[in-house]
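*Asks:* sequence first, predicted model second:
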Amino acid sequence: QVQLVESGGGLVHAGGTLRLSCAASGSIASWNTTAWYRQAPGKERELVGAISGGGVTNYADSVKGRFSTSRDNTKRTMYLQMNNLKPEDTAVYYCNVDLTEKRGSFFARRVYWGQGIQVTVSS
């Protein structure tokens, strides 16, 4: 079983910065796409940014130029650097990993979610 543990959230003033981390543990053979989503109260969960298995990144228009996602494959950790935060960035942020899991002599492709972490930006 794979677990994802997020950290780095909190309260920040508008214009501030935060860096979210998501550490994966378990029997992971490889990562495919890693992504960050967020969900604000009363809104649907939305994609914030992602890195494909080939290393191509894409971002929501609302965060382009302010947020960047990266990952360290050796540490099995992914990051979301958030700069120039705005009150509308307030949400619960979730990491999402599409990975290949090793189970005995078999491999299985699975998608896992982090537990979610609160980011609050005050005006």
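*Replies:* Ah, there it is.

*Asks:* start and end of stretch 103-120, how far apart?
*Replies:* 38 Å (CA to CA, to the nearest Å).

*Asks:* any idea of the mean pLDDT for it?
*Replies:* Across stretch 103-120, the average pLDDT comes to 95.

*Asks:* how long is stretch 6-16 from one end to the other?
*Replies:* 20 Å.

*Asks:* actually stretch 110-123, not the one I typed
*Replies:* 39 Å.

*Asks:* contacts for that stretch?
*Replies:* 2-14, 16, 18, 20, 22, 24, 38-39, 82, 85-101 (CB atoms under 8 Å, 6 or more residues apart in numbering). Every residue, glycine included, has its C-beta placed from N, CA and C.

*Asks:* buried subset of those residues?
*Replies:* Neighbour counting with 16 or more other CB atoms under 10 Å marks 4, 6, 8-9, 12, 18, 20, 22, 24, 38, 82, 85, 89-99, 101 as buried within the contacts of stretch 110-123.

*Asks:* just the ones of these in strands?
*Replies:* 4, 6, 12, 18, 20, 22, 24, 38, 82, 91-99, 101 (DSSP state E).

*Asks:* how long is stretch 21-31 from one end to the other?
*Replies:* 16 Å.

*Asks:* which residue packs closest to residue 78, ignoring adjacent ones?
*Replies:* residue 71 (4.1 Å; CB to CB, 6 or more residues apart in numbering).

*Asks:* list the buried residues in the helix or strand hosting that neighbour.
*Replies:* Here residue 71, judged by DSSP states H and E, is contained in strand 67-72. In terms of neighbour count (16+ other CB under 10 Å), strand 67-72 has its buried residues at 67, 68, 69, 71.
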